[in-house]
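# Need a 3D model of the sequence below.
(one chain, ligands or ions: 2)
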Amino acid sequence: MIRCSGLSEHILLLLKGFNRAFGSKRNKFGTILSAKELHGYYTPVSIVEWVRQKLVFVIRPRLEAALPCGAVFAPGLHIPTRFFQVINHGVSENLMNEIRNVMKEFFEMSDDYKQNLYSEDPTKKCKLITSDQRYPNQKPYLWRDALRHPCRPLEPWQQFWPEKPTNYRECVGNCTIEVKKLASRILGLIGEGLGLQAGYFDNELTESMLLSASYYPPCPEPSLTLGLPKHADPNIVTILLQNDVYGLQVLKDGNWIGVDPLPNAFVVNCGYELQIISNGRLKSVQHRVITNSSNARITAAFFVAPLEGAIIEPAKALTNQIHPPLFKSVKSKDFLTQYYASSDTVLQYFKA
Ligand SMILES: O=C(O)CCC(=O)C(=O)O
Ligand SMILES: [Fe+2]
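Ligands and ions are numbered 1, 2, ... in the order given. Got it, this is the predicted structure:
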């Protein structure tokens with residue numbers, strides 16, 4: 001029987017047993033662990049108080065190119081590594097609330113129901129996973145349940161989505177359509193900023209989408225856990241819906257920077273495959289999720305991704321004698337296989 005990250009005696013004892021091995025400090029947003037602490041799991045190291053800064057660009061009405069997004073991705077400019085949030089993005093507030101509610105209802109359903117969706121089979125595409133099962137082998141302890149399934153193309157997959165809550169399929173289906181439109185607009189701007197032909201991404205490069213909905217319950221020992229460890233996403237772009245609970249952090253110059261939830265905003269970040277296509281001009285940023293002891297955090301990450309057979313390679317328009325391709329061509333499917341084998345070092349395998 002799974003017990004989805006809800007506290008079991010076992011976990012509580014285990015956590016207490018480690019006696020704050022991270023030795024980390026809290027600020028009002030939860031526990032901040034330094035990069036060094038995370039590399040040396042369980043090794044008490046000096047405490048570094050990370051100052052929380054904003055690393056957030058808000059794209060104002062209708063994502064127009066003249067506004068901050070346009071500036072960030074303007075042609076010819078050095079394009080910095082960025083996470084940004086979009087507001088006024090065209091996805092209705094109602095739909096955003098509905099998806100938050102449906103995810104909350106799903107994760108709060110009985111374990112008996114969720115048991116049917118739970119799987120540890122890495123080849124299974126629609127499944128619920130939980131960190132509970134893997135205690136105590138995780139370093140650090142992860143404190144998250146996640147429901148993952150493809151949501152595009154819709155037809156073959158929708159039948160495997162949860163049947164309950166009863167509006168789950170309709171709500172996620174509608175949200176998928178809207179998020180895809182938003183992703184196309186953002187990628188249109190990114191393409192423009194990179195100097196690519198219009199519609200560069202409107203094809204098999206963005207035809208697939210995976211939903212990963214995460215539930216981070218309150219954790220009695222946030223200093224010993226993470227919701228998600230440090231990682232960078234593999235795909236083209238990720239569009240993330242958060243509830244109002246803080247937890248996402250981005251690694252910038254060795255510091256973890258908090259990404260404040262803005263009401264009804266989506267967080268957008270680029271993945272390694274976009275890094276390859278942009279020939280290194282865009283970077284897939286490392287991020288992680290911290291836990292807190294008082295509020296459940298719920299997010300829905302839509303990973304916009306290529307079809308399995310799509311070829312990922314630096315765009316021809318971005319390479320020449322002065323800027324040779326930095327990466328080899330690779331089928332998206334093979335790239336992902338390598339990512340899941342060694343996510344931190346995956347790009348090294350495809351260096352030209
Ligand atoms: O839940 C979050 O805030 C981030 C999720 C995430 O980074 C991921 O699923 O890759
Ligand atoms: Fe991520």
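# Report the buried residues of stretch 213-227.
213-219, 221-227 (16 or more other C-beta atoms under 10 Å). Where you see a C-beta, it was placed from the backbone N, CA and C, and this is true even at glycine.
# Which of these fall in strands?
Assigned to strands by DSSP state E, the following of the buried residues of stretch 213-227 qualify: 213-216, 225-227.
# Same list (those) but as CSV, adding pLDDT and distance to residue 331.
Listed next are those as CSV, based on pLDDT from 0 to 100; distance: C-beta to C-beta, whole Å:
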residue, pLDDT, distance to residue 331
213, 97, 28
214, 95, 28
215, 93, 33
216, 92, 34
225, 81, 36
226, 87, 32
227, 89, 31
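# Can I get those residues in JSON lines including distance to residue 352?
Below are those laid out as JSON lines (distance: C-beta to C-beta, whole Å):
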{"residue": "213", "distance to residue 352": "36"}
{"residue": "214", "distance to residue 352": "35"}
{"residue": "215", "distance to residue 352": "40"}
{"residue": "216", "distance to residue 352": "39"}
{"residue": "225", "distance to residue 352": "39"}
{"residue": "226", "distance to residue 352": "34"}
{"residue": "227", "distance to residue 352": "35"}
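# Nearest to residue 113, out of those: which one, please.
Nearest to residue 113 out of these is residue 215 (C-beta to C-beta; 14.3 Å).
# Would you mind confirming that the closest one is in contact with residue 130?
No. With contact defined as C-beta atoms under 8 Å, residue 215 does not count as touching residue 130 (9.0 Å).
# quick one: the helices in the protein?
All helices of the chain, identified by DSSP state H, fall at 9-17, 35-39, 68-72, 93-107, 111-115, 154-158, 168-194, 272-277, 332-341, 346-349.
# out of the ones you listed, deepest packed?
Ranked by mean neighbour count, the helices of the chain are led by helix 272-277 with a mean of 26 (mean count of other C-beta atoms under 10 Å).
# Show me what that one is packed against.
When contacts are defined as 3 or more C-beta pairs under 8 Å, 6 or more residues apart in numbering; DSSP states H and E, helix 272-277 packs onto strand 311-312, helix 332-341, helix 346-349.
# Can you say which of the ones you listed is nearest to ligand 1?
Closest to ligand 1 of these is helix 332-341 (C-beta to the nearest ligand atom; 11.7 Å).
# For the residue in the stretch 101-250 of the chain positioned nearest to ligand 1, give the beta-bridge partners.
Nearest residue of the stretch 101-250 of the chain to ligand 1 (C-beta to the nearest ligand atom) works out as residue 248 at 3.9 Å. Beta-bridge pairing for residue 248 (DSSP bridges): residue 289.
# Help me confirm that it comes into contact with residue 258.
Yes. Residue 248 lies in contact with residue 258 (C-beta under 8 Å); the separation is 7.3 Å.
# For these two, indicate the residue with more neighbours.
Set residue 248 next to residue 258 and count neighbours by other C-beta atoms under 10 Å: residue 248 wins out with 24 against 21.
# Return the residues in contact with that one.
Contact partners of residue 248, counting by C-beta atoms under 8 Å, 6 or more residues apart in numbering, are 240, 242, 258-259, 267, 287-289, 299.
# Many thanks, have a good one.
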